[in-house]
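[1] Give me a model of this one.
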Amino acid sequence: MDDRHGKVCLCGRHHHGGDGHRAEGSLDRRTVMAALVTFPALGASPAWAQDLLDPTRLRSSRVGTEALATRSNRPPGWLGPEYARDMASSVTSAILSLVRAYGATADQIGKLQAEEKQLTDKLNEAIRNKEAILDEYRQGLFCSGCGRTKSDIISKGEQFPHSGQTIIKPTPEQIAAKERELQQGIDRLAQQLRDAKAKLAKLSPDIDAIRSQLFEGMGLWRTATSMERGIIRQEFAFDAQDYVQQRTVISRQIDTVIREAAAAQTIPAFQACIADARTWSDALAKCEDRHADDRGRMMTGLTNNDNSAQRQTASVQSTANEVASKITAFGLAGYLNILTTLMGRGSDGTSIAGAGYTFRMGKYDAAGFGEILPRVAEFISRASSLVIGTAPGYNMPASQELAKLDRALAQVEPKLAAALELRRQQEAAAALERQQEEARRQAEAQAREQQLGNTPGSGS
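    Alright, predicted model coming up:
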C-alpha cells in the first residue's frame, strides 16, 4: 500500500503526515467501515475524471458550481514557459554568431592596423630619404653607371664611384627628374596608407555595431530567462488559485458531513455520512497530491531554467575565449573577456524590465542600425506586461480537516454498529416469533386431526 499520505484514516483514505491522528485501531476500524457501507441504500461510488470534483457523479446536494474549477483560469492568448525558453535559445545562437563576426572583423582590423603602421614607417622613411638623396644628387655624389648615391653605395661596403665610373654633376633637369621619381614613390606609399585608413574607417562602425548588438543581446537574453521563470511562477499561482477553490468546496462539504453525522439517527443516514466522508476524504487527498505535483513541477522548471542559463553562458564564454585568443587588434580582445558578465541568470522579481529592445537577432549592418524587429518588439511587450502574482494558500492544513472528519466518524461508527445490531436482534426476534407461531399453528392442526380421529363413528 502506498504510504505517501501517512496514516490511514477512518474513511479508507491515506492521511498526510503530521496530523496527530490516532494510529491505534485505525486499520480495524477501516475494515469495519468497509463492511458497514456495503449495506443497501447507498448510491454508486463516484468516478474521478480529470476534474477532482465531478458534480455529475456526486449527490447534487453536495456540490456547487465552484467545484468545476480546473486549469481554466489562464487568460486568453496565454503562452507557456517554452515561449520564453525558445527566445533565450535563439538569442544565444545570435550572440554566438555575433561573437564570431566580432572576431572576424577584429582580425581584419588587426591586419589593417599592422599594414597602416608599416606603411606609415615606410612613408616617413621615404620622405626623410628624399631630402638626403636629393642633397647628394645635387652635389654629384652619385655613380654615373648605376645612378646610386654615394651614401647608398658606401653603406653596402662598395667603392664609390664604382670601378670605371665617374662622379657626374647633374643638370637642373636631371635633378628635377630625380625629385619627381622620389616623389612618385612617396605618393604611392601615401595612397596605400590612405587606402588602409579608409578600410579601417569602414570597419570601425561594424565593430561598434557588433559591440552594441552584443550588449543588447545580453539584455534580451536576461529578459527571456527571467520571463521563463516568471511564467513558471505565474502558472503555479494560477494552479494555486484552482487549489484554493477546490479546497473551499471540499471543506464546505466536509463540514456538511460532520453536521449530518452529528444529526444522523437512522441506518441510511449513518451509511450516507460514511460514504460522503469517504468521497470527500478522497477528494481532499487528490487535491493535495495535485497541489504537491504543481509545486514540484514549478521547482523542476526553475531548476531547468538555471541549468539552461548556465549552459548557454558557458557556451558563449567558451566561444568568446576562443575568438579572443586569436585577435591581434589592439584593445579589441578585452571586450570579449568581460562579455558573459552581462549574462548572469534570470531574476525572480515581480515584474520584468524588458531589456534588449533593439536586438536584431545577429544582424549588425550599418544599413539597419536602430531597426526594431517585430518579433523582438512583441516579445519585450509581453515580457514587460507580465505581472507575477503571489500563489495563494489555504488557511487550514488538510491533516486538520481529516482529523475533524475522523472524530465525527468515530461517533457515527458505534451508532451504526448498534443500530445494525439492534436491527439484527429485532429481525432475529421476529424470525423466532414467526417460527413459534408456525409451530403453534402446526401443533393446533395436529391436535384437531387427533380429535377428529377419536370421534365415534369416524372409523366407519
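[2] Outline the domain layout of the protein.
    As recorded under automatic domain parsing, the domains making up the chain are 26-83+214-416, 109-209.
[3] Return the most buried member of those domains.
    domain 26-83+214-416 (a mean of 17; mean count of other C-beta atoms under 10 Å). C-beta: built from backbone N, CA, C; applies to glycine.
[4] Could I get the average pLDDT for that domain?
    On average, the pLDDT along domain 26-83+214-416 is 80.
[5] Which elements pack onto the helix or strand that contains residue 437?
    Residue 437 belongs to helix 398-454 when assigned by DSSP states H and E. Packing partners of helix 398-454 (3 or more C-beta pairs under 8 Å, 6 or more residues apart in numbering; DSSP states H and E): helix 26-36, helix 172-263, helix 267-324.
[6] can you list contacts of the next helix or strand along the chain from the last one?
    Read that as helix 267-324. Sequence-wise, the next helix or strand downstream of helix 267-324 (DSSP H and E) is helix 333-337. Applying C-beta atoms under 8 Å, 6 or more residues apart in numbering, the contact partners of helix 333-337 are 99, 102-103, 106, 211, 320-321, 323-325, 327.
[7] Please look at residue 148 and residue 136 and confirm they touch.
    No: contact criterion C-beta atoms under 8 Å: residue 148 and residue 136 do not qualify, at 9.7 Å.
[8] who touches both of these two?
    residue 142.
[9] Next, count neighbours for residue 90.
    When neighbours are counted by other C-beta atoms under 10 Å, residue 90 registers 18.
[10] per-residue pLDDT, it?
    You'll see residue 90 listed with a pLDDT of 97.
[11] Same check on residue 423?
    Residue 423 carries a pLDDT score of 87 in this model.
[12] any idea how far it is from residue 266?
    Residue 423 sits 10 Å away from residue 266, going by C-beta to C-beta, to the nearest Å.
[13] Now find how far off-centre the helix holding residue 437 is within its chain.
    Distance, stretch centre to chain centre, for helix 398-454: 66 Å (C-alpha atoms, centre = their mean, to the nearest Å).
[14] and the angle for that helix with helix 267-324?
    150 degrees (axes from the mean of the first three to the mean of the last three C-alpha atoms, to 10 degrees).
[15] Now for the residue nearest to residue 364 when sequence neighbours are not counted: which residues touch it?
    Excluding the flanking residues, the one nearest residue 364 by C-beta to C-beta, 6 or more residues apart in numbering is residue 209, at 4.3 Å. Counting by C-beta under 8 Å, 6+ apart, residue 209 makes contact with 364-366, 369.
[16] In JSON lines, list the residues you listed along with secondary structure.
    Compiled in JSON lines, those are given as follows (DSSP: H, G, I helix; E, B strand; the rest coil):
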{"residue": "364", "secondary structure": "coil"}
{"residue": "365", "secondary structure": "coil"}
{"residue": "366", "secondary structure": "helix"}
{"residue": "369", "secondary structure": "coil"}
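[17] re earlier: closest to residue 189 out of the contacts of helix 333-337?
    If you rank the contacts of helix 333-337 by distance to residue 189 using C-beta to C-beta, residue 106 comes first, at 25.8 Å.
[18] The closest one: neighbouring residues, count only.
    When neighbours are defined as other C-beta under 10 Å, residue 106 has 26 of them.
[19] With only the CA atoms kept, save stretch 283-301 in PDB.
    Extracted as PDB, the C-alpha positions of stretch 283-301 are listed here (Å, rounded to 0.1, in the frame of the first residue of the first chain):
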ATOM      1  CA  ALA A 283     -11.200  14.400  -3.000                       C
ATOM      2  CA  LEU A 284      -9.000  16.100  -0.400                       C
ATOM      3  CA  ALA A 285      -6.200  13.600  -0.900                       C
ATOM      4  CA  LYS A 286      -6.300  14.000  -4.600                       C
ATOM      5  CA  CYS A 287      -6.400  17.800  -4.300                       C
ATOM      6  CA  GLU A 288      -3.300  17.800  -2.000                       C
ATOM      7  CA  ASP A 289      -1.500  15.400  -4.400                       C
ATOM      8  CA  ARG A 290      -2.100  17.600  -7.400                       C
ATOM      9  CA  HIS A 291      -1.100  20.700  -5.500                       C
ATOM     10  CA  ALA A 292       2.200  19.000  -4.500                       C
ATOM     11  CA  ASP A 293       2.700  17.900  -8.100                       C
ATOM     12  CA  ASP A 294       2.100  21.500  -9.200                       C
ATOM     13  CA  ARG A 295       4.700  22.800  -6.800                       C
ATOM     14  CA  GLY A 296       7.200  20.100  -7.800                       C
ATOM     15  CA  ARG A 297       6.700  21.000 -11.400                       C
ATOM     16  CA  MET A 298       7.400  24.600 -10.700                       C
ATOM     17  CA  MET A 299      10.600  23.800  -8.800                       C
ATOM     18  CA  THR A 300      11.800  21.500 -11.600                       C
ATOM     19  CA  GLY A 301      11.100  24.200 -14.200                       C
END
